[in-house]
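J.: Structure, please.
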Amino acid sequence: MIGAQAVLSFHLSYAAVSRLEPLFALVGRGDREPLGDPHVSRRAVSLVRFGDALEIRPPEGGVACHIDGEPLVSPRHVAIDALACGVVVRLGRHVALLLHGHPALDLSTRYPLLMGHSHLMAELRDRVLKVARHPVPVLLQGESGVGKELIAQALHEASPWSSGPFVAVNTGAIQASLANSELFGHVKGSFTGATADHDGFFARADGGTIFLDEIGELGADAQALLLRVLESGEIQRVGDRRVRRVQVRVVAATDRQDLETRLRVPLVQRLSRYRLQVPPLRERFEDLGLLLYHFLRIEFARSRQPFPPRLHVRPDEPVVPPEVFQRLIRHPFSGNVRELLNVARRLVIDGLDRSTSEIVASVQAALTPCGSGHSVAAVEQARSTRAPADISDDMLLAALRRNRWQMAGTARELGITRSSLYLLVDQCPLVRKAHQLDPAEVQRALADNGDDPDRAAAALQVSPKALRVHLKRAGGDLASG
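T.: Numbering: from 1, shown residues only. The predicted structure follows:
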């Protein structure tokens, strides 16, 4: 079921998720089937639509359910707009579902090179297939690790020249003094060390595709010769008076946004006859499960290890605890797909036949620290679907009440970061602040609620955390809380 998809139809504003419903479309197959996992209850988790919010209700007496890592013990409200960030629903011990509002896709076809069924990958795949038929240079832009070479390979294999060679060149690794020779070749005796004729990368790619990675690192002399190839289709080896015509599709790639400052403007214009922006992994989080299991199968095969013992009903899928996906869905992935491959490799090396906490620890060890790339806060801000200024005081107050004044749940429902929520709360005249409460009112609320600060906070309509801090500063007794 990894990567399977179910479209929730809110008949009379209601939908249900259980072992028996809804029906999931499977990747590469035309049929549909329910989860069917014996460890998931037949009693459904209910999803009820209320205007611009979704209420998630726990099953009565069913298997435990978690929403974004927190137990679902009472109805939880999530803003419809916030589904663009993805909400992880954990059913029992073995099943993780990703609830989101992105478009549904056709899963009937497998794509071996461009894996992923997110709407962003579907759009990219469509553009790749369209431009592949045309003999124009293509410029791929995207962060490091997003898979630009795989995109170039897909372009080549979908083109009329797929029977020709595919030559990948890391231009950033070529010494400036050798760039002309490496790219276009040289004749014997043309310089010290040229002991024999040498065909460069372009000659080897004749009749096919050449992939020039890190194109922004190319030196000035080589840029001039590359521009000539793009304009005339001719190359000239170092030390050779003759020119040679080649038919080569050029695909260049860069993770730089300032390419125009690194290369000659005419060269950039030639290379970017067609530009493709490759999305980062954090923006296509729907593909995380599919990609992780793909990498796990590759790494298990490389290490010649069988899949570990499992409780899953499908023997071709190793067990990965749902807590892993809960961790991955909120990680910024500065290393993108390459970083996810490192996670799969670490899981195979350390083993999947261990406790959940040990497996999650292996995942954490394989992930790039947030400080070395996009921070978690920055990613949450980027994923936010609603500007804080768009949230009225009444909307804020209603969301706080639905979430029993818990800040994490309120921020998720509103589709904003927690730091933005704190600012809104501080500025909203309708929201009571714990430090503004009358001491006698606080003591009455505590007495009426068995000295439980959380229940007292709900009665006072303030943040439980803020009330605890206020009581601690005031010397209140929190032992019973």
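
J.: Tell me which residues touch the closest residue to residue 18 other than its chain neighbours, please.
T.: Excluding its sequence neighbours, the residue lying closest to residue 18 (Cβ to Cβ, 6 or more residues apart in numbering) is residue 44, at 3.8 Å. C-beta here means a position set from N, CA and C on the backbone, and glycine is covered the same way. Going by Cβ atoms under 8 Å, 6 or more residues apart in numbering, residue 44 touches 16-18, 21, 59, 62.

J.: Please enumerate the helices of the stretch 101-250 of the chain.
T.: Along the stretch 101-250 of the chain, the segments classed as helices by DSSP state H, counting those that start in this stretch run 119-131, 148-157, 179-184, 201-204, 220-232.

J.: Quick check: mean pLDDT of the third one?
T.: In this model, helix 179-184 has a mean pLDDT of 88.

J.: ditto for the shortest one
T.: Per-residue pLDDT over helix 201-204 has a mean of 93.

J.: after the worst-scoring helix or strand of the chain on mean pLDDT, next one along is what?
T.: Least confident element among the helices and strands of the chain, by mean pLDDT, DSSP states H and E: helix 376-383 (a mean of 48). Going down the chain from helix 376-383, the next helix or strand is helix 393-402, by DSSP states H and E.

J.: re earlier: which of the helices of the stretch 101-250 of the chain sits closest to residue 305?
T.: helix 148-157 (25.0 Å; Cβ to Cβ).

J.: can you pull the buried residues of the closest one?
T.: 148-149, 151-157 (16 or more other Cβ atoms under 10 Å).

J.: Equivalent analysis for stretch 405-412, please.
T.: Result for stretch 405-412 [16+ other Cβ under 10 Å]: buried residues 405-407, 409-412.

J.: Next one: the closest residue to residue 226 other than its chain neighbours from residue 138, what distance?
T.: Spatial nearest neighbour of residue 226, excluding adjacent residues (Cβ to Cβ, 6+ apart): residue 267 at 6.4 Å. Residue 267 is 14 Å from residue 138, where distance means Cβ to Cβ, to the nearest Å.

J.: Residue 169 too?
T.: According to Cβ to Cβ, residue 169 stands 15 Å off from residue 138.

J.: which of these two has more neighbours?
T.: Per other Cβ atoms under 10 Å, whichever of residue 169 and residue 138 has more neighbours is residue 138, with 25 against 21.

J.: I'd like the distance between the more buried one and residue 122.
T.: Counting by Cβ to Cβ - residue 138 and residue 122 are separated by 19 Å.

J.: same question, residue 361
T.: 35 Å.

J.: Compare neighbour counts for those two and give me the winner.
T.: residue 122 (17 against 13).

J.: where does that one sit relative to residue 338, distance-wise?
T.: Per Cβ to Cβ, residue 122 is found 22 Å from residue 338.

J.: Now residue 468, what are its backbone angles?
T.: phi -60, psi -40 (degrees, to the nearest 10).

J.: Pretty sure it sits against residue 446.
T.: No: if you go by Cβ atoms under 8 Å, residue 468 and residue 446 don't touch, sitting 11.5 Å apart.

J.: shared neighbours of the two, anything?
T.: Joint contacts of residue 468 and residue 446 (Cβ under 8 Å, 6+ apart) are residue 453.

J.: which of these two has more neighbours?
T.: Set residue 468 next to residue 446 and count neighbours by other Cβ under 10 Å: residue 446 wins out with 24 against 18.

J.: Quick check: which element contains the more buried one?
T.: Going by DSSP H and E, residue 446 is part of helix 439-448.

J.: Mind pulling up the pLDDT for the nearest residue to residue 5 once chain neighbours are set aside?
T.: With Cβ to Cβ, 6+ apart as the criterion, residue 5 has its nearest non-adjacent residue at 5.1 Å, and that residue is residue 25. With respect to pLDDT, residue 25 scores 82.

J.: wouldn't residue 25 be in contact with residue 3 here?
T.: No: using Cβ under 8 Å, residue 25 is not in contact with residue 3; the gap is 9.7 Å.

J.: now what about stretch 425-435, what contacts it?
T.: 393-394, 396-397, 400, 407, 457, 460-463, 466-467, 469-470.

J.: Go through the residues you listed and name the one nearest residue 216.
T.: residue 407 (43.0 Å).

J.: pretty sure that closest one contacts residue 418?
T.: Yes: using Cβ under 8 Å, residue 407 is in contact with residue 418, at 5.8 Å.

J.: what's the spacing between the residue nearest to residue 18 and residue 222?
T.: Computed as Cβ to Cβ, the residue 44 to residue 222 distance reads 63 Å.

J.: ok, now residue 471?
T.: Distance from residue 471 to residue 222, by Cβ to Cβ: 69 Å.

J.: okay if I get the helices of the stretch 101-250 of the chain as TSV plus distance to residue 9?
T.: Formatted as TSV, the helices of the stretch 101-250 of the chain follow (distance: least, Cβ to Cβ, whole Å):
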stretch	distance to residue 9
helix 119-131	19
helix 148-157	34
helix 179-184	56
helix 201-204	53
helix 220-232	51
